[in-house]
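J.: What follows is a protein structure lacking sequence information:
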């Protein structure tokens, strides 16, 4: 039995963290000749090879971030972001999923899609298709989109922060009706003797007429293995926490210290319990970018190489765009505070970070921000041997009450290969990692064999076919 001096060992889930762009969270590393990030947009083998690497390491999933628009706050222009490949150019993360699924059997895939720019009926069809073709290994990271540049590019107004979550809540309601409520489990007959492929009497039409969305019709595809894909979300504002506590099964958080995350995770679990859910059923993942070596010297050499390639200007452009602060207007050594954030309180994780004062994080000046953000974004970058990094992960799990990590990269696929070859065996030896070749749907890998569908305490279950009235 665990005691105060010997805390309980908890399984650590790892997701690979990538983006269909050259510079995801480690900017400038495309200049390293061993890095393949520049090939993502034109070589499908980048994605199939990455999927096979992560599958070899029994990763829970590959999570693909996404965004619209440009980071155009720094220096009042998108030019620094464009020149330094700071999440630009950007491809569509949906496209490589089927190819990656075809070369793996266990790895899950989660992609980011916004509730701001596509109709829920269209998304329902696409995601059911992906859940079918992956055998239930599909998840969705729900975002509401905050960039003004994106709204202008798409041609829609930028909606106020909390209102975006109200719209997203109705969006999810529509999707539950389509995914959970429309088709009965026995609607698909495929009966060659009677000639009945689908029984129309076992399909309910959705008649949703809400504040934002109007749908009249049944779901266009039969239920996929999970019906509703595994639901992820990232948002730590009061509205974001309330939304995640109601809908999300996995929540992403980001900070340079576990002490910054601990109160946020506590809020998330308390909100989930208030919503009638088991607070432990909401799995919380922190962003982390490890630099691993077989020796401390090898790890430090890799870190020095990363620093030599890092683009601090890209880091400043990325941070400025996410926080509505043009850091070019500040002296390089002027501390940046939450009062400097003026645009829609858009990235609340950064606001929490700016509020945190402690020796375990740097003073948030433009000089330090550019250096810190350019490698690994706003998450930590532990540098050392597998034993050191495993200790680091365990400390974060204990201090912040985490369930796992989204593993970012410095070089790709090199960082992921190092995690698979060095870190995974260390975690497994400690008894805190997945069993080898663990299978099942994405939801089963989190909640256990047999739990392919939403848990009974999830709001989506209130729309299941047996009880849904079609309205």
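T.: Ah, there it is. All figures in this text were calculated on a predicted structure; none of them were measured in a lab. Numbering: from 1, shown residues only.
J.: Which strands or helices does the helix or strand residue 424 falls within pack on?
T.: Residue 424 belongs to helix 424-429 when elements are defined using DSSP states H and E. Helix 424-429 is packed against helix 386-400, with contacts defined by 3 or more CB pairs under 8 Å, 6 or more residues apart in numbering; DSSP states H and E. Every residue, glycine included, has its C-beta placed from N, CA and C.
J.: quick one on the thing from earlier: which parts of the helix holding residue 424 are buried?
T.: By neighbour count, with 16 or more other CB atoms under 10 Å as the criterion, the buried positions of helix 424-429 are 424, 426-427.
J.: tell me the mean pLDDT for that helix?
T.: When the per-residue pLDDT values of helix 424-429 are averaged, the result is 98.
J.: same check, this time on stretch 51-67
T.: Mean pLDDT, computed over stretch 51-67, is 97.
J.: Residues contacting the helix holding residue 424, please?
T.: Under the contact criterion CB atoms under 8 Å, 6 or more residues apart in numbering, helix 424-429 has outside partners 12, 14, 57-58, 386-387, 389-390, 393, 433, 436.
J.: Counting by contacts, list what the helix or strand just after that helix packs against.
T.: Where DSSP H and E defines the elements, the next helix or strand beyond helix 424-429 is helix 442-447. Helices and strands touching helix 442-447, by 3+ CB pairs under 8 Å, 6+ apart, are strand 108-114, strand 230-233.
J.: Name the residues that touch the shortest one?
T.: Counting by CB under 8 Å, 6+ apart, strand 230-233 makes contact with 63, 108, 110, 138-143, 240, 243-244, 247-252, 441-443, 446, all of which sit outside it.
J.: That one pairs with which strands?
T.: Neighbouring strands of strand 230-233 in its sheet, by DSSP bridges, are strand 138-143 (parallel), strand 250-253 (parallel).
J.: what separates that strand from the chain centre, distance-wise?
T.: Here the centre of strand 230-233 is set off from its chain's centre by 8 Å, with CA atoms, centre = their mean, to the nearest Å.
J.: State the mean pLDDT of that strand.
T.: When pLDDT is averaged over strand 230-233, the result is 98.
J.: how much does the helix or strand just after it deviate in direction from strand 138-143?
T.: In the C-terminal direction, the helix or strand that comes right after strand 230-233 (DSSP H and E) is helix 238-247. Put simply, helix 238-247 runs at 160 degrees to strand 138-143, going by axes from the mean of the first three to the mean of the last three CA atoms, to 10 degrees.
J.: Spit out the contact partners of residue 37.
T.: Counted by CB under 8 Å, 6+ apart, residue 37 has contacts 21-24, 29-30, 411-412.
J.: before we move on, the earlier item: which of the contacts of helix 424-429 count as buried?
T.: Of all those considered here, the ones buried according to neighbour count by 16+ other CB under 10 Å are 12, 14, 57-58, 386, 389-390, 393, 433.
J.: So for residue 51, which of the helices and strands packed on helix 442-447 sits nearest?
T.: Nearest to residue 51 among the helices and strands packed on helix 442-447 is strand 108-114; the distance by CB to CB comes to 8.1 Å.
J.: Against which helices or strands is that closest one packed?
T.: strand 61-65, helix 97-102, strand 138-143, strand 230-233, helix 442-447.
J.: Please name the strands paired to that strand in the sheet, noting orientation.
T.: Within its sheet, strand 108-114 is paired with strand 61-65 (parallel), strand 138-143 (parallel), according to DSSP bridges.
J.: so how far is that strand off the chain centroid?
T.: Relative to its chain's centre, strand 108-114 lies at 7 Å (CA atoms, centre = their mean).
J.: which intervals of the stretch 351-471 of the chain have sub-threshold pLDDT?
T.: For the stretch 351-471 of the chain, residues meeting the criterion pLDDT under 70 lie at 351-353, 355-358, 360.
J.: Mind putting the buried residues of helix 424-429 into a markdown table with distance to residue 366?
T.: Written out in a markdown table, the entries for those read as follows (distance: CB to CB, whole Å):
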| residue | distance to residue 366 |
| --- | --- |
| 424 | 37 |
| 426 | 37 |
| 427 | 36 |
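J.: any idea how far the residue lying closest to residue 373 once chain neighbours are set aside is from residue 56?
T.: Spatial nearest neighbour of residue 373, chain neighbours left out: residue 315 (3.6 Å); criterion: CB to CB, 6 or more residues apart in numbering. Distance check for residue 315 against residue 56: by CB to CB, to the nearest Å, it reads 31 Å.
J.: Which residue of those two possesses the greater neighbour count?
T.: Neighbours were counted for residue 315 and for residue 56 using other CB atoms under 10 Å; residue 315 has more, 30 against 15.
J.: Touching, residue 392 and residue 379? I think so.
T.: No: contact status for residue 392 versus residue 379: not in contact, 11.8 Å apart, counting by CB atoms under 8 Å.
J.: the strands in this protein, which residues?
T.: Secondary structure of the chain, counting by DSSP state E: strands at 13-19, 61-65, 108-114, 138-143, 188-191, 196-198, 206-209, 214-217, 230-233, 250-253, 283-288, 291-292, 383-384, 404-407.
J.: could you dump those strands to TSV with distance to residue 126?
T.: Conversion of the strands of the chain to TSV gives the following (distance: least, CB to CB, whole Å):
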stretch	distance to residue 126
strand 13-19	19
strand 61-65	14
strand 108-114	8
strand 138-143	10
strand 188-191	19
strand 196-198	20
strand 206-209	17
strand 214-217	15
strand 230-233	15
strand 250-253	20
strand 283-288	24
strand 291-292	36
strand 383-384	40
strand 404-407	23
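J.: for the ones you listed, which one sits closest to residue 354?
T.: Here strand 250-253 is closest among the strands of the chain (CB to CB), at 15.4 Å.
J.: Would you mind checking the average pLDDT for the closest one?
T.: With pLDDT averaged residue by residue, strand 250-253 scores 96.
J.: and for it, what are the contacting residues?
T.: Looking at what lies outside strand 250-253 - CB under 8 Å, 6+ apart - the contacts are 63, 139, 141, 230-236, 244, 261, 264-265, 268, 282-287, 349, 406, 446.
J.: quick one: residue 359 from residue 257, how far?
T.: Taking CB to CB, one finds residue 359 at 10 Å from residue 257.
J.: Between these two, which has more neighbouring residues?
T.: When neighbours are counted by other CB under 10 Å, residue 359 and residue 257 differ, and residue 257 comes out ahead with 17 against 6.
J.: quick one on the thing from earlier: can you say which of the strands of the chain is nearest to residue 453?
T.: strand 230-233 (10.6 Å).
J.: Can you mark which positions in the closest one are buried?
T.: Buried residues in strand 230-233, defined by neighbour count with 16+ other CB under 10 Å: 230-233.
J.: Let me have those in a markdown table, extended by distance to residue 363.
T.: Below are these laid out as a markdown table (distance: CB to CB, whole Å):
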| residue | distance to residue 363 |
| --- | --- |
| 230 | 39 |
| 231 | 37 |
| 232 | 32 |
| 233 | 31 |
